[in-house]
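Enquirer: Sequence below, structure please.
(chains A and B)
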Amino acid sequence: MQASGVKAWDLCCRRGDRWLFAGVGLELAPGEVLHLVGANGIGKSSLMRILAGLLPVSAGLEEGAKPGGVAWTGGVGLLDERPALDPAQPLGRALDFWAAIDGTDPDLRAHAAQRLGIAGLMDVPVRYLSTGQKKRAAMARLIGQAAPNWLLDEPFNGLDQQACGLVEEMVMEHVMAGGTCIIASHQHFHLPGLIRLELEEFAL
Amino acid sequence: MTRALWTILRRDLRLLLLGHGSGGGVVLPILFFLAVAMIFPFAVGPDPNLLRRVGGGVIWVAALLAAILPLDRLIDPDRDLGMFDQWALRGISGEWVVAVRVVAHWLSFAPALMLATLPAGALLGLDQRTLELVELGLLVGTPGLAALGVMVAAITSGLKGGAALAGLLVIPMAVPILVFGAGALAIGGETGLALTGAVSLVLIAMAPFAGAGALRVGR
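Expert: Next comes the predicted model:
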């Protein structure tokens, strides 16, 4: 696996006129997992999107303050509530599209699909899949990307208990192999060496 | 990067030609275009001289209306799926993604439109010279229409009633293409076509940056 890691400093977020949080900083070395916790609406997803570089960092609270930043080592994979798989395409083809973009080993994805129990659904159009099956498919897409850093936004939503355990296992293997992972979830996570970040402490 | 863009182009083209599964595709706009050309003689009467005189303009208006139909399928579905975010994460710039979409949109609708112009021209009784000018005009004008369509679809994506607003925005911005393209028929020369091409080039140059900017702001 490529080198992994992230350093973020002074992250502030304002949505419209409303300040969500300010001064969030974090640093992860290879093999570390961070669990981002906080109540609904506190800005977990916004922070994830800022970390992913999809939302700009808002300038600080004081006038003229410099906005913070995010520096990644290695590529980033994101799993959120949208699977990014074409609804009209059979699952296999929809996953192949991302394999072609990422140019990674197709065995990675096939193996992940096998473990996630969706290997038998490859001919089924994505729109006929259930919420949980789509989530599993998105997880297979993420693993197929082979990114050293993972951002998981509410990865357990829609998953049954067995699949939740499986995702925990996969995160575990990912960080054991030297990756990093940031998980935003209000559910419990059973991993040794988990770093907790309470977004409450930075809320405004 | 190039490989990824090819993959995206192939996917875009397939979706725009065949639809997102919820219907759509290129067949409906083309049928709509033919239908407009077909009902026109019913409205103004079957006088062959009148039809021959205004027929070229009718085809241009019909083409513009047909180009508005697929606007809500250009950007919105992929935005809802999170495709643009996933591409951005992989370092594929929004400008490239929008440029590829302009190409795919043009490829999916312009050749079919130009083909459908042949029967539409026959229905309206256009002579050889006018038909040639219309086809040439469409060839240089449709890239601009495609760029404009993708740009406006990106700007209005995620808005409530965005599709109706997109149609309303495209019409005034397409007026230069229409004026020069249809104007070439009136003066019967290539000057109008050159100006149509110029407008198209401006729109093509603008679209990737305006479209990608709109997508970034809308995230």
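Enquirer: the strands in chain A, which residues?
Expert: With strands called from DSSP state E, chain A shows them at A:6-15, A:18-28, A:33-37, A:69-72, A:76-79, A:149-153, A:180-184, A:194-198.
Enquirer: how about the residues of chain A near chain B?
Expert: Taking C-beta under 8 Å from any C-beta of the partner chain as the contact definition, chain A meets chain B at A:49, A:52-55, A:75-78, A:80, A:82-88, A:97-98, A:100-103, A:125, A:127. Any C-beta I mention is one placed from the backbone N, CA and C, and that applies to glycine too.
Enquirer: By proximity to chain B, which residue of chain A wins?
Expert: A:A88 (2.7 Å; C-beta to the nearest C-beta).
Enquirer: residues in chain B within reach of chain A, list them.
Expert: B:3-4, B:7-8, B:11, B:15, B:18-22, B:80-83, B:85-92, B:219.
Enquirer: Just the buried subset of these, please.
Expert: Buried residues within the residues of chain B next to chain A, counting neighbours by 16 or more other C-beta atoms under 10 Å in any protein chain shown: B:4, B:7-8, B:11, B:15, B:19-21, B:81-83, B:85-90, B:92.
Enquirer: so where's the chain uncertain?
Expert: Here I'm looking at chain A. Counting by pLDDT under 70, the ranges of chain A that qualify are A:1, A:61, A:63.
Enquirer: not quite, I wanted chain B
Expert: B:20-24, B:188.
Enquirer: The one helix or strand B:D12 maps to packs against which elements?
Expert: Element membership of B:D12 [criterion: DSSP states H and E] is helix B:2-18. With contacts taken as 3 or more C-beta pairs under 8 Å, 6 or more residues apart in numbering or on different chains; DSSP states H and E, helix B:2-18 sits against helix A:91-102, helix B:71-74, helix B:94-123.
Enquirer: ok, now with 6 Å
Expert: Judged by 3 or more C-beta pairs under 6 Å, 6 or more residues apart in numbering or on different chains; DSSP states H and E, helix B:2-18 is in contact with helix A:91-102, helix B:94-123.
Enquirer: Which one, of those, ends up nearest to A:G69?
Expert: helix B:94-123 (20.0 Å; C-beta to C-beta).
Enquirer: List the buried residues for the closest one?
Expert: For helix B:94-123, by 16+ other C-beta under 10 Å, it's B:94-110, B:112-114, B:116-117, B:120-121, B:123.
Enquirer: ok, now stretch A:39-47?
Expert: Buried, per 16+ other C-beta under 10 Å, within stretch A:39-47: A:42-47.
Enquirer: Just the C-alphas of it, formatted as PDB.
Expert: These are the backbone C-alpha positions of stretch A:39-47, laid out as PDB (Å, rounded to 0.1, in the frame of the first residue of the first chain):
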ATOM      1  CA  ALA A  39     -25.100  14.600  17.600                       C
ATOM      2  CA  ASN A  40     -27.100  14.900  14.400                       C
ATOM      3  CA  GLY A  41     -26.600  18.200  12.700                       C
ATOM      4  CA  ILE A  42     -23.400  19.100  14.500                       C
ATOM      5  CA  GLY A  43     -21.400  19.000  11.300                       C
ATOM      6  CA  LYS A  44     -19.900  15.500  11.000                       C
ATOM      7  CA  SER A  45     -20.700  15.200   7.300                       C
ATOM      8  CA  SER A  46     -19.500  18.800   6.600                       C
ATOM      9  CA  LEU A  47     -16.200  18.000   8.300                       C
END
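Enquirer: so how far is it off the chain centroid?
Expert: 14 Å (C-alpha atoms, centre = their mean, to the nearest Å).
Enquirer: before we move on, what about stretch A:190-204?
Expert: With C-alpha atoms, centre = their mean as the basis, stretch A:190-204 stands 15 Å off its chain's centre.
Enquirer: which residues are contacting that stretch?
Expert: Applying C-beta atoms under 6 Å, 6 or more residues apart in numbering or on different chains, the external contacts of stretch A:190-204 come out as A:19, A:21-24, A:33-38, A:42.
Enquirer: what about burial for those residues, which qualify?
Expert: A:21-22, A:24, A:33-38, A:42.
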